[in-house]
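> coords below, sequence missing:
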């Protein structure tokens with residue numbers, strides 16, 4: 001009987017040369033990797049560095065040894081399936097308490113028949129795959145975890161890497177060639193790519209270069225994993241943008257340490273980037289980020305032939321409010337206004353504090369008609385909000401004025417669009433405040 005086409009890691013705990021040779025001859029090394037340990041200390045290192053799918057235990061000894069083996073299995077992450085080779089009848093052994101402590105899934109009696117051994121391994125691998133399948137969760141449902149893309153064409157090496165990553169607080173997607181890797185990278189923008197260099201078709205060097213040269217994925221770190229280990233290969237990987245380099249056979253501890261370091265550094269950079277792009281008072285985006293975002297959104301709108309609109313707004317008589325109530329109260333008004341805007345607008349809209357009491361809003365997929373409706377809804381939401389001491393403002397309430405412009409109806413470039421919205425805002429302020437104006441028009445008429 002041949003072992004079915006499954007891939008996995010097997011650890012054999014045995015010091016008997018006959019058993020070791022029999023197990024070794026029974027395995028297809030295109031499908032399995034085998035590690036042998038003759039002592040408990042050696043087995044503990046194997047399980048820690050290369051967690052096996054299956055642990056084969058040869059002729060268990062006394063109760064003390066059995067209990068020590070059981071502890072190793074229980075503490076493994078994840079615990080392997082256990083196959084016991086024994087000199088006794090398998091049916092009788094299932095009743096022995098030390099064996100129950102090992103939770104053996106299969107038993108094979110000596111002399112070992114390769115066919116029965118293959119059948120037992122197939123059974124344990126199939127059970128493990130069913131358990132993995134039932135535990136899988138879609139990537140889309142786990143937004144808070146880092147996403148890792150593993151690119152490897154060898155089924156065995158892929159299995160090894162996935163076993164190394166099991167139990168880690170991350171989501172994993174896989175690709176077996178360069179074109180599939182690039183497609184997944186663009187669709188999901190992972191937090192990290194583990195990339196084999198030797199791939200069918202497009203090699204890993206080119207995959208890395210394209211990931212790093214594409215704006216959407218240029219910030220994704222790449223760890224190259226390969227059998228190529230001379231200095232020139234390492235330098236070539238770095239030239240193509242790789243962030244780190246690991247040589248096969250992969251050491252689990254080295255892999256996890258490098259992954260943890262890169263993900264930690266990426267998270268720190270993301271926090272720093274967020275701080276740089278955010279207004280410290282309101283928590284909204286700042287003017288620097290807005291300028292970048294608006295150019296990006298206009299490019300997207302142009303390529304998809306969809307409209308885009310911009311609103312400029314500011315607080316009416318804000319200096320009067322500050323002078324009357326103090327600057328801390330004025331700061332609270334700006335914070336509250338930011339929250340009102342966030343609650344009134346869509347999640348896809350981009351809100352920025354432009355400067356002082358001025359705010360700018362980018363509205364994707366919104367033309368002039370939708371724009372004026374958004375401006376009126378926003379104006380009304382602020383007018384109706386009970387700001388502290390709002391009654392002491394001119395007109396008896398705290399209000400805002402707004403100006404809007406649309407792409408491509410009013411302008412084709414970012415700077416011109418903002419300038420037209422700004423001009424419309426100042427028209428609204430000149431013409432009474434607590435109102436909005438649209439670029440090129442002079443009234444609050446909603447079409």
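Perfect, thanks for sending it. On a predicted model such as this, the values are computed, not experimentally measured, just so you know.
> buried stuff in stretch 285-303?
Across stretch 285-303, burial judged by 16 or more other CB atoms under 10 Å covers 285-286, 289-291, 293-294, 297-298, 301. The C-beta positions use only the backbone N, C-alpha and C, and glycine is treated the same way.
> and of the residues you listed, the nearest to residue 268?
When the buried residues of stretch 285-303 are compared for distance to residue 268 (CB to CB), residue 289 wins out at 18.7 Å.
> determine which residue lies closest to the centroid of the chain.
Within the chain, the residue whose C-alpha comes closest to the C-alpha centroid is residue 147; the distance, by CA atoms, centre = their mean, is 3.0 Å.
> is it correct that that residue is in contact with residue 174?
No - contact criterion CB atoms under 8 Å: residue 147 and residue 174 do not qualify, at 11.6 Å.
> secondary structure class for residue 272?
Secondary structure state of residue 272, per DSSP: H, G, I helix; E, B strand; the rest coil, is helix.
> likewise for residue 246?
Per three-state DSSP, the local secondary structure of residue 246 is strand.
> what sits against the nearest residue to it once chain neighbours are set aside?
Residue nearest to residue 246 in three dimensions, not counting chain neighbours: residue 225, with 4.9 Å by CB to CB, 6 or more residues apart in numbering. Contacts of residue 225 were listed using CB atoms under 8 Å, 6 or more residues apart in numbering, and they are 152, 161, 194-197, 246-248, 250, 255.
> ok, of these, which one's closest to residue 272?
Comparing these against residue 272 with CB to CB places residue 194 closest, at 24.6 Å.
> could I get the phi/psi values of the residue nearest to the centre of the chain?
phi -110, psi 130 (degrees, to the nearest 10).
> what pairs with it across the strands?
Here residue 147 shows beta-bridge partners residue 171, assigned using DSSP bridges.
> and it, how far from residue 351?
Distance, residue 147 to residue 351, using CB to CB, to the nearest Å: 27 Å.
> and residue 398, how far from residue 320?
Note on residue 398: its distance to residue 320, by CB to CB, is 10 Å.
> list the buried residues of the helix or strand harbouring residue 211.
Using DSSP states H and E, the element containing residue 211 is helix 204-213. Neighbour-count burial for helix 204-213, counted by 16+ other CB under 10 Å, picks out 204-205, 207-212.
> and residue 143, what's its pLDDT?
Residue 143 is assigned a predicted lDDT (pLDDT) of 44.
> please read the previous query as pertaining to residue 132.
Taken from the predicted model, the pLDDT recorded for residue 132 is 50.
> go on, residue 2?
Per-residue confidence at residue 2 stands at 43 (pLDDT).
> just for the stretch 101-250 of the chain, where's the confidence low?
Using pLDDT under 70 as the threshold, the predicted model of the stretch 101-250 of the chain has low-confidence ranges 101-103, 127-144, 228-230.
> now the helices for it?
Residue ranges of the helices in the stretch 101-250 of the chain, as given by DSSP state H, counting those that start in this stretch, are 114-135, 155-165, 178-188, 204-213, 231-239.
> for those helices, which one sits closest to residue 326?
Taking CB to CB as the criterion, residue 326 comes closest to helix 178-188 out of the helices of the stretch 101-250 of the chain, the separation being 48.6 Å.
> strands paired with the helix or strand harbouring residue 363, and their directions?
Taking DSSP H and E as the definition, residue 363 sits inside strand 358-364. Pairing partners of strand 358-364, with direction, according to DSSP bridges: strand 308-315 (antiparallel), strand 350-355 (antiparallel).
> just name the most buried of those.
Greatest average neighbour count among the strands paired with strand 358-364 goes to strand 308-315 (a mean of 26), per mean count of other CB atoms under 10 Å.
> just checking, next helix/strand downstream of that one?
For strand 308-315, the succeeding helix or strand toward the C-terminus, using DSSP H and E, is helix 318-325.
> give me the contact list for that following helix.
Defining contact as CB under 8 Å, 6+ apart, one finds that helix 318-325 is touched by 315, 329-330, 333, 356-357, 388-389, 392-394, 398.
> repeat that with 7 Å
Where contact means CB atoms under 7 Å, 6 or more residues apart in numbering, the residues beyond helix 318-325 that reach it are 330, 333, 357, 389, 392-394, 398.
> most surrounded residue in those residues?
Counting neighbours by other CB atoms under 10 Å, the top entry in the contacts of helix 318-325 is residue 398, with 27 neighbours.
> contacting residues around that residue?
For residue 398, the contact set (CB under 7 Å, 6+ apart) comprises 315, 321, 333, 387, 390.
> got a markdown table for those, with pLDDT too?
Conversion of the contacts of residue 398 to a markdown table gives the following (pLDDT from 0 to 100):
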| residue | pLDDT |
| --- | --- |
| 315 | 96 |
| 321 | 95 |
| 333 | 95 |
| 387 | 93 |
| 390 | 92 |
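> and for residue 76, nearest residue in space, chain neighbours not counted?
Excluding the flanking residues, the one nearest residue 76 by CB to CB, 6+ apart is residue 47, at 5.0 Å.
> confirm that the one you found sits in a helix.
Yes - Residue 47 forms part of a helix when assessed by three-state DSSP.
> can you tell me how far it is from residue 359?
Distance, residue 47 to residue 359, using CB to CB: 58 Å.
> check residue 124 too.
With distances taken as CB to CB, residue 124 is found 62 Å from residue 359.
> quick check, nearest of the contacts of residue 398 to residue 35?
When the contacts of residue 398 are compared against residue 35 (criterion: CB to CB), the nearest one is residue 333, at 66.6 Å.
> and the closest one, what does it touch?
Residue 333 makes contact with 315, 321, 387, 398 under the criterion CB under 7 Å, 6+ apart.
> helix, strand or coil for it?
helix.
> what about the nearest residue to residue 310 once chain neighbours are set aside, how many neighbours?
Beyond its immediate neighbours in the sequence, the residue positioned closest to residue 310 (CB to CB, 6+ apart) is residue 421, lying 4.7 Å away. By other CB under 10 Å, the residues close to residue 421 number 27.
> same check, this time on residue 415
Per other CB under 10 Å, the neighbour tally for residue 415 reads 11.
> in what element of secondary structure is it found?
Using DSSP H and E, the secondary-structure element containing residue 415 is helix 414-430.
> contacting residues for residue 124?
Contact analysis of residue 124 by CB under 7 Å, 6+ apart lists 54, 81, 83, 105-106.
> repeat the analysis, applying 8 Å as the threshold.
Contacts of residue 124 (CB under 8 Å, 6+ apart): 53-54, 81, 83, 105-106.
> what angle do the helix holding residue 211 and helix 231-239 make?
20 degrees (axes from the mean of the first three to the mean of the last three CA atoms, to 10 degrees).
> so how far is helix 204-213 off the chain centroid?
19 Å (CA atoms, centre = their mean, to the nearest Å).
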